[in-house]
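Asks: have a look at this prediction, sequence included:
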Amino acid sequence: MYLNTIKPAKGAKKVSKRLGRGIGSGKGKTSGKGHKGQRARAGGYHKVGFEGGQMPLQRRLPKFGFTSRMAKTSQEIRLSTLERLEAAEINFNVLQEKKLLKAGVTKVKVILDEPIKKAVTVVGLKVTAGAKKAIESVGGKVVEG
């Protein structure tokens, strides 16, 4: 095999249509655009989604979906994550220092994912009923406020 013998695979190179090159080409005179009308003119077309004045599909269908502002400013932390932290008291600032919170989070809630073995003290965070029960069952404390 030599560089001068290499060719692309058959059908890989498609020859483009040559428009407006005479009757014999099959695409002469009007270049496949028919006679007159907006579509035949240079630069004449319409905006995306326009359906000739009929109500467009994107306006016929109902709107859906919603992103709560609360979802952007609040976050849940698993109880097993708090158990792994090496801190006497766990509060909002400790979670920020350990980079466990996303940017813009102002509210944190502790949720139960599995029972814990180490006693933890949670200060100033919201705690679900199940998580509170699990914390207090191993000798930990939940201080609200």
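Replies: Structure received. Numbers count the residues shown, from 1 in each chain.

Asks: so who does the closest residue to residue 30 other than its chain neighbours touch?
Replies: Distances taken as Cβ to Cβ, 6 or more residues apart in numbering put residue 40 closest to residue 30, at 6.9 Å, once the chain neighbours are dropped. All C-beta atoms are positioned from the backbone trio N, CA, C, and that covers glycine. Shown in contact with residue 40 (Cβ atoms under 8 Å, 6 or more residues apart in numbering): 30, 33-34.

Asks: how about TSV for these, with neighbour count and secondary structure added?
Replies: Listed next are the contacts of residue 40 as TSV, based on neighbours: other Cβ atoms under 10 Å; DSSP: H, G, I helix; E, B strand; the rest coil:
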residue	neighbour count	secondary structure
30	12	coil
33	16	coil
34	9	coil
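
Asks: doesn't residue 19 belong to a strand?
Replies: No. Assessed by DSSP: H, G, I helix; E, B strand; the rest coil, residue 19 does not belong to a strand; its assignment is coil.

Asks: OK, contacts around it?
Replies: Counting by Cβ under 8 Å, 6+ apart, residue 19 has contacts 27, 31-32.

Asks: ok, the contacts of residue 40 vs residue 73, which is closest?
Replies: residue 33 (55.3 Å; Cβ to Cβ).
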